[in-house]
Every structure is written in C-alpha cells, then in structure tokens.
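Novice: Here's a sequence, model it:
(one chain, ligands or ions: 1)
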Amino acid sequence: MKVEFFKHNVDKSDIKSVEKVLGSLFLSTGQEVSAFEEEFAEKFGSNFQARAVASCTAALHLALLAAGVKKGDEVITTPLSYVATAHAIEYTGAKPVFGDVDPETGNLDLSRVEKAITKRTRAILPVHLYGQMIDMKKLMQIARRHKIAVIEDAAHALEAERNDIKPGELSLGACFSFYPTKSITAGEGGMFISKRSKAADDVALLRHHGSSKSAASRYGKTYQHYDIPALGWKYNMTNIQAALLRSQLSRVEKQWKRRDEIAHQYADAFTKAGIAFPKTEAGVKHARHLFTIWVNPKQRDSILHGLQKQGVGVGVHYRPIHLMSYYRKKYGYKPGDFPNAERIGASTISLPLYPKLTNREVRYVIDRVRAIV
Ligand SMILES: Cc1ncc(COP(=O)(O)O)c(C=O)c1O
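Specialist: From the prediction side, this is the model:
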C-alpha cells in the first residue's frame, strides 16, 4: 500500500470556477480577488478586512512592515517553524530573536517572551504550530505592557480557535497560506487579515509596487494616472488563484471535521501504544494542519526511512530555524541555544493528515508506525 503524505482537495467545481476566469478579460488582480477577500474576511467577523497576496511569506513580510518593523529592530519569534517565519523578519532588515518552545506543545513558550524583550523589540511573531493557537490573551497582555505589535503566523491555523478567540482577533493581524498542503490551496497564495483599516491599507499599497491604483480599478473609466507613494513589492494575487480559492471556502469546515476525526484516531492509537505526540491544551479548537509523533532522536531518521519504505508518506516539521546555516553564520546561533525546539526537531515525524485519507489508509499508517517504532 502507498499512502501519500498529502493530497489536495481541488475538485471539478473549483476547476469550473477557474475556467470562467480564464474565459474573462481580467486574469490578474481584480473582481475575483476582491470577492474572495470579502468572503474570507466574513469567516472571521464583519469587522475584519482581508488582503490577498502571493504567499503567506509575502503576507508576513508586509504585515511586519505595516507594524513599523525596520532595519535595526528586533522581532521575537519561535525557532520551531518553517523558515519563512524568520525569513520574513530578515526581509525587513530586523533581527529574528528566538525564544524556546513549550516542550509539550511545540508552541512559543510565553514565559520566555518577556525575557527576550529589549529596547529594540518592535514586534512579536508567534506561530500557531500544527494548528494549535497559542494563548493570544496572555501574549497580548505582555505585548501591551511593552507597547509591541503582534502579528500572527496563522499558516496552519485557518480553522483554529482558543477560548472563542480566532487568529487576528486581538493582534494587529494574522497571515494565512494557500500552499498545496494547506486547508485550501491555489498552488501558492496568502492572506493578511486585520481589524485595523490602516494595517489593511498598508498591505494593499505595498503588495503591488506601492501603486495608488490597481489596473482593474482604472479600467472602464476615463484613464486615470497613478502615483507610487511607497516602494512596494510584486506580491499580488491573481483572479485565477482567487477563483480557485473562493470555490473551496464552503468546504473548509467539512474538511476540517474529517481531519479532526483522523487526528483522534491517531491520538487514541498512539496513546495506547505509548507513542508520544504534542499535547492539545484545554479550550483549543485545533485546526489539525499536521499530526506529528515524537520518537527517540537517535532512531528518528531510521523510523522515518522505514515508514517511507513501507509506503507511508512522511515529513519533518521542523528542524529548528536557528540551526540552519544561514542563521548560524549570521547571528552565531548554536546547538543548545533552544533545547526544547532542538529536542522536538530531532524527534518529530509528521504523518499523513488530509480529508481524502480513507479509514483503511489511516489503519495502515497506525499499524506501520506501531510496528516500526
Ligand atoms: C508556519 C508557516 N509559516 C509560513 C509559511 C509560508 O507560507 P507560504 O508558502 O504560503 O509562503 C509556511 C509554509 O508552509 C508555514 O508552515
């Protein structure tokens, strides 16, 4: 049997939506993007605004700029994430300052955040790892005390909640990814959401070269000149991507339910077998982006390869960012700096978790993991 690590959920109705755009005049940013932004924001609440971009990395970069992060500043984040989180900070010229993670969840340990704050700290960038939201109420208390902005990396957390708080609700804004392994996808894509108009406006300006008017908004009227009041980037989303994503929005909750069901099957089986995995804390609605197990670091790679050989798709999320050679060379980070993140990075194996997974495949994964571990 071969169980893929991931299968996307693009269906015929999504393809039809894309065909419609392809037969229309505007392929790049236009009506379809605006409609997707409105529908996406509505999922979070009527007071949210959404700004679609080319990737979550782009959303993080622009959100940090909207928070006023610049060269010479520091931004506190977690070392246990995809490298995009820290890279987005690097793009602004600021320094990523890492705090160690909670050994039971893998999320940024909030007790370390306050200790990492200096005169230069401009923002905090937490990641809701694997789909489990960190305690945003607690983090915001720290941030408000020090007058520091918070931007959420919610790439894993589209469906997440914690004590009825959703991503973006308390912070300056939250960033999402539409990479193929995410809940909804357009191959690539990202979104920034915020309750603050100024932050949403800043992201809108910077995503398209800093242009005061988009091509679509100029079309159909007497020709209007545009100004470039700021240096922006080419980070806009196309109508083609937006059509694909819009069409998937209505299935988000149903697909989450199936992933949650599979995650419970894994959790029950691995608890019985004495195999460790991250804890889900009280009050959390876990978005179930990834299910990872923790094995003996000395055996991790042989277990990883053993599972692959038996047809089980696997991943590693994540080897910590501070030990990547770019960050070691630039900032002098070294093994031992963040022991919890390093331990998890050395012991973690991600298993298949997506709605198309059949019960037979889930049983096969559980069976193989039990046998090999
Ligand atoms: C936690 C996290 N942040 C950011 C990103 C970057 O997302 P994108 O590939 O859309 O730029 C990812 C991508 O997988 C991620 O897992």
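
Novice: can you map out the strands along the stretch 151-300 of the chain?
Specialist: Using DSSP state E, counting those that start in this stretch, the strands of the stretch 151-300 of the chain run over residues 161-162, 173-177, 190-194, 284-285, 291-294.

Novice: Quickly compare the ones you listed and say which is most buried.
Specialist: Between the strands of the stretch 151-300 of the chain, strand 173-177 has the highest mean count of neighbours, a mean of 31, where neighbours are mean count of other C-beta atoms under 10 Å. Where you see a C-beta, it was placed from the backbone N, CA and C, and this is true even at glycine.

Novice: Check which strands are paired with that one and give the direction for each one.
Specialist: strand 149-153 (parallel), strand 190-194 (antiparallel) (DSSP bridges).

Novice: can I get those strands in CSV with distance to the ligand and mean pLDDT?
Specialist: Formatted as CSV, these follow (distance: least, C-beta to the nearest ligand atom, whole Å; pLDDT from 0 to 100):
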stretch, distance to the ligand, mean pLDDT
strand 149-153, 5, 98
strand 190-194, 5, 98
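
Novice: thinking again about what came up before, could the strands of the stretch 151-300 of the chain go into a markdown table alongside distance to residue 39?
Specialist: Shown next, in a markdown table, are those (distance: least, C-beta to C-beta, whole Å):
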| stretch | distance to residue 39 |
| --- | --- |
| strand 161-162 | 19 |
| strand 173-177 | 13 |
| strand 190-194 | 11 |
| strand 284-285 | 21 |
| strand 291-294 | 28 |
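
Novice: rewinding a little: dump the strands paired with strand 173-177 into a markdown table; add distance to residue 57 as well.
Specialist: Formatted as a markdown table, the strands paired with strand 173-177 follow (distance: least, C-beta to C-beta, whole Å):
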| stretch | distance to residue 57 |
| --- | --- |
| strand 149-153 | 10 |
| strand 190-194 | 7 |
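
Novice: of all those, which lies closest to residue 82?
Specialist: Each of the strands paired with strand 173-177 has some distance to residue 82 by C-beta to C-beta; the shortest is strand 149-153, at 8.7 Å.

Novice: Pull out the buried positions in the closest one.
Specialist: 149-153 (16 or more other C-beta atoms under 10 Å).

Novice: Residue 49 against residue 200, yeah?
Specialist: Yes. Applying C-beta atoms under 8 Å, one finds residue 49 in contact with residue 200, separated by 3.9 Å.

Novice: Now stretch 301-312: buried residues?
Specialist: 303-304, 306-307, 310, 312.
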